[in-house]
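1. Need a 3D model of the sequence below.
(4 chains)
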Protein chains: 2
Amino acid sequence: MNLKQLAKELNLSISTVSKALDDSHEISEKTKSKVLEAASKHNYTPNPYASGLRKKRSNTIGVIIPEVADNFFSLAINGIQSIAENKGYHLLIYLSHDKYENERRIVEDCANGRVDGVLISISAETISAEHLLRLQKENVPLVFFDRALDDFEAAKVLTNDFESGYLSAKHLIENGCKRPMFLSFSECLTMCENRANGFLAALDDFKISSNEIVPIMYCSRKEEESYKQIQDLCNSNDRPDGIVASVEKLAMQLYLVCQDSAVSIPNDLKVVAFSTVEIAPILNPSLTTITQSAFEMGRVAAENLFKGIESKNFNLNQQVVVIPSKLIKRQSTSRYK
Amino acid sequence: MNLKQLAKELNLSISTVSKALDDSHEISEKTKSKVLEAASKHNYTPNPYASGLRKKRSNTIGVIIPEVADNFFSLAINGIQSIAENKGYHLLIYLSHDKYENERRIVEDCANGRVDGVLISISAETISAEHLLRLQKENVPLVFFDRALDDFEAAKVLTNDFESGYLSAKHLIENGCKRPMFLSFSECLTMCENRANGFLAALDDFKISSNEIVPIMYCSRKEEESYKQIQDLCNSNDRPDGIVASVEKLAMQLYLVCQDSAVSIPNDLKVVAFSTVEIAPILNPSLTTITQSAFEMGRVAAENLFKGIESKNFNLNQQVVVIPSKLIKRQSTSRYK
DNA sequence: ATTATTTGCGAAACCGATTTCGTAATTTTA
DNA sequence: TAAAATTACGAAATCGGTTTCGCAAATAAT
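-> From the prediction side, this is the model:
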């Protein structure tokens, strides 16, 4: 069923039917109701490709994330979806799997009118904004969330990574750690570096000397490799007595290693993790977390994106929002078990 | 940049350029290479809405799931995406939040040509296939995965729910449980009922009498309510000594309740959960699971959907695949702690 | 009563591709 | 060498809507 058939059945012109469905003031109420009735009888809805082509609007936004099987990102998608649903927008989800080349290809795909805007959390390999320039050239609004490019002017929704890094180190030190260490997920990600720098700043402030080595371990992004790294760390002679895991995945691996290697948390090792996992309380032992407002970050990112989509004279690129994370203390950092 | 501009720049007709980009045999190699060069110089890609309209193909599939913040579904999405990426397809993700009305609206949205096919895991409220008939009428291929409608002929990718339910009860009984109970997520979902029926069959086979009451608790889908239900169950006089959680979420709540109520797993209560959660080993205590092959289920569902999309004389609706789940024994069901 | 405005609708252009069909030039076949 | 077939391309129709513009009839203003 399309407009032409509907028009024929109603003995009206195509344009009249189209305008009636659009509730145009040009059409009389009587005609409108006749049209609406016929349309609903036939379950008519406009073909999205025809209408998208003519209106140059897709009612679709692209969401580019590294992974979907990750608490933070799936919660963020929920936040994004809650806004998109209200606006009658559709969500195209793309996974970069933390590879720059995938991300580049995806962005390319988003630049040809398929979507009205893009929400992105960049891959751990992304260091240049070259691929994103294309979006700007095509006037596709863009909002970063969580993982952004530092030197690229664009709308962003971030969390207070530096402060949280600082706070996590402070918390470990205050609970007796003398040799805390930071497990970084990527040296490319500003997000990760900010957390690490906050961590280092706290060590400095609290006079935890780190003359010889920088207490940061850069973990591989391959699961088996990072597991091995963490295993070696936990079994080495100078095992740290406190660890901050920069992302959830590393904390989970750390727990697994400690269980296998009979390292006792928090007695031998205290752990803080950046994580949104709702089961932190029922881990063994319960996990102290820096918890981001993932849903809220997704929600705000989507809200700002829609502002950018809907009003051309809204300076989207100036919008940088910081949504603070919270330290939630649990047993993995308690002084005594 | 569009075809018209490109054609003008090359002094060729629009149709020639279009055919050259399509590598048509009608066009000479010399012309093709000129066209390709100019196209790549300008980063030209065809407008998806124009091409979708004309070709009546969207290169997009719709994925309708209850939730994304759920291990099973996010892993399934990974499986789906792995296939879609190969085929150059895009993924529209829709969340029903386990509400029938949402699902109905979403399916409606998928029936007007927006997608070339649909993968669905139905909401916990869905009992009728009325909304899905629309898809069949419009010839939109459909594949269920995990949660399907029993009395509706369509392609499905399922797991062995009955056997797994049986196995979980058997496992509890063999480890000493005398009064096991099944926590059901929904009495509408065939998936859930199959698990429950398998559970009951084992009780029967092992002569666990349940004369008075059926050992199944139907939990609310509202988190606070189900928490309260589980709390009441664990604090009641006739607390069961074994529990099978039909979905992951209920197992997590059960763990929380037990921790708050000082019920010791596995001493006071043994627990098996249908769950894909990769952190089951590091829970307190580690959780015995019936683990579905979520990625694989998504992958196979997508593969079959594409067969249905690509060849019209492939009888998609006959395709019912069962991918078995595995019982992984851990401490939550061990006989002695 | 005449002119101006508003109302309600239809014809046709348009969005940007794909695809059918026609045709001149070239090559092959008889 | 004439007829047939092939090659390489362009004109135009088409997909299914939206939007601009024109116009007759009805209503309002002068």
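2. Strands of the stretch 201-337 of chain A, residue ranges please.
-> Counting by DSSP state E, counting those that start in this stretch, the segments of the stretch 201-337 of chain A that form strands are A:216-218, A:242-245, A:270-274, A:288-291, A:320-322, A:326-328.
3. So which of those strands is the most surrounded?
-> Comparing the strands of the stretch 201-337 of chain A by mean neighbour count (mean count of other C-beta atoms under 10 Å in any protein chain shown), strand A:242-245 comes out on top with a mean of 30. (Each C-beta comes from the backbone N, C-alpha and C, glycine too.)
4. Name the residues that touch that strand?
-> Here strand A:242-245 makes contact (C-beta atoms under 8 Å, 6 or more residues apart in numbering or on different chains) with A:165, A:168-169, A:172-173, A:175, A:177, A:179-183, A:195, A:199, A:251, A:254, A:269-275, A:333.
5. Return the members of those classed as buried.
-> Burial of those was assessed by neighbour count (16 or more other C-beta atoms under 10 Å in any protein chain shown); the buried members are A:165, A:168-169, A:172-173, A:175, A:177, A:180-183, A:195, A:199, A:251, A:254, A:269-275, A:333.
6. restrict the residues you listed to those near DNA strand C?
-> Near DNA strand C, judged by C-beta under 7 Å from any atom of the strand, there are no entries from the buried ones among the contacts of strand A:242-245.
7. Now the stretch 101-250 of chain A against DNA strand D: closest residue?
-> Closest approach between the stretch 101-250 of chain A and DNA strand D, counting by C-beta to the nearest atom of the strand: A:Gly113, at 13.3 Å.
8. My read is that that residue contacts B:Thr45, right?
-> No - under the criterion of C-beta atoms under 8 Å, A:Gly113 is not in contact with B:Thr45, lying 9.2 Å apart.
9. Pick out whichever of those two has more residues nearby.
-> Between A:Gly113 and B:Thr45, counting by other C-beta atoms under 10 Å in any protein chain shown, A:Gly113 is the more crowded of the two (20 against 17).
10. Identify the spatial nearest neighbour of the more buried one, chain neighbours not counted.
-> Distances taken as C-beta to C-beta, 6 or more residues apart in numbering or on different chains place B:Asn47 nearest to A:Gly113, at 5.3 Å, with adjacent residues excluded.
11. and what of A:Thr45?
-> Counting by C-beta to C-beta, 6+ apart, A:Thr45 lies nearest to B:Asn112, which is 4.6 Å off, once chain neighbours are set aside.
12. residue ranges with poor pLDDT in the stretch 151-300 of chain A?
-> Filtered on pLDDT under 70, the stretch 151-300 of chain A yields the residue ranges A:210-212.
13. Next to DNA strand C, which bits of chain A? Give me the list.
-> Residues of chain A that fall close to DNA strand C, judged by C-beta under 7 Å from any atom of the strand: A:11-16, A:19, A:25-28, A:30-31, A:50, A:53-54, A:56.
14. residues contacting A:Lys55?
-> By C-beta under 8 Å, 6+ apart, the contact list for A:Lys55 is empty.
15. How about A:Lys137?
-> Under the criterion of C-beta under 8 Å, 6+ apart, the contact partners of A:Lys137 comprise A:Ala111.
16. how much space between it and B:Arg179?
-> Using C-beta to C-beta, to the nearest Å, we find A:Lys137 at a distance of 67 Å from B:Arg179.
17. what's the answer for A:Asn102, then?
-> Following C-beta to C-beta, the distance that separates A:Asn102 from B:Arg179 is 51 Å.
18. isn't A:Pro93 right up against A:Ile65?
-> Actually, residue A:93 is Ile. It isn't Pro. Yes - using C-beta under 8 Å, A:Ile93 is in contact with A:Ile65, at 7.4 Å.
19. Overlap of the contact sets of these two?
-> Both A:Ile93 and A:Ile65 are in contact with A:Ile77, where contact means C-beta under 8 Å, 6+ apart.
20. So the two - more neighbours on which side?
-> Shown here are A:Ile93 and A:Ile65; by other C-beta under 10 Å, A:Ile65 has more neighbours (28 against 21).
21. Residue of the stretch 151-300 of chain A closest to DNA strand C, please.
-> Nearest residue of the stretch 151-300 of chain A to DNA strand C (C-beta to the nearest atom of the strand) works out as A:Ala154 at 25.0 Å.
22. Count the residues that sit near that residue.
-> By other C-beta under 10 Å, 20 other residues sit near A:Ala154.
23. Could you do A:Asn284 as well?
-> Residues contacting A:Asn284 under the criterion other C-beta under 10 Å number 18.
24. do the same with A:Asn139
-> 9.
25. and what of A:Val247?
-> Burial of A:Val247 is recorded as 22 neighbouring residues (other C-beta under 10 Å).
26. Was I right to think it contacts A:Met191?
-> No - with contact defined as C-beta under 8 Å, A:Val247 does not reach A:Met191; the gap is 9.2 Å.
27. before we move on, the earlier item: the residue nearest to A:Thr45 against A:Ser51, yeah?
-> No - assessed by C-beta under 8 Å, B:Asn112 is found out of contact with A:Ser51, at 10.1 Å.
28. Could you pick out the residues of the stretch 201-337 of chain A near chain B for me?
-> Counting by C-beta under 8 Å from any C-beta of the partner chain, the residues of the stretch 201-337 of chain A lying close to chain B are A:252, A:255-256, A:259, A:277-279, A:281-286.
29. from the residues you listed, which two are the most distant?
-> For those, the farthest-apart pair by C-beta to C-beta is A:Gln259 and A:Glu278; their separation is 20.7 Å.
30. Roughly how far does A:Asn112 sit from B:Leu36?
-> Distance of A:Asn112 to B:Leu36, computed by C-beta to C-beta: 17 Å.
31. Verify the stated contact: A:Ala273 with A:Thr289.
-> Yes - using C-beta under 8 Å, A:Ala273 is in contact with A:Thr289, at 5.4 Å.
32. which neighbours do these two share?
-> The contact lists of A:Ala273 and A:Thr289 share A:Ala280, where a contact means C-beta under 8 Å, 6+ apart.
33. quick check, A:Val118 in a strand?
-> Yes - if the criterion is DSSP: H, G, I helix; E, B strand; the rest coil, then A:Val118 is within a strand.
34. I figured it was touching A:Pro141, is that so?
-> Yes - when contacts are counted by C-beta under 8 Å, A:Val118 is listed as touching A:Pro141 (7.3 Å).
35. so what sits against both of the two?
-> If you check A:Val118 and A:Pro141 against C-beta under 8 Å, 6+ apart, the residues they both contact are A:Leu305.
36. gap between the closest residue to A:Val68 other than its chain neighbours and B:Phe295?
-> Of all residues not flanking A:Val68 in the chain, B:Ser74 sits nearest, at 4.7 Å (C-beta to C-beta, 6+ apart). Summarising the geometry, the distance separating B:Ser74 from B:Phe295, computed by C-beta to C-beta, is 10 Å.
37. Having no further points to raise, I will conclude here.
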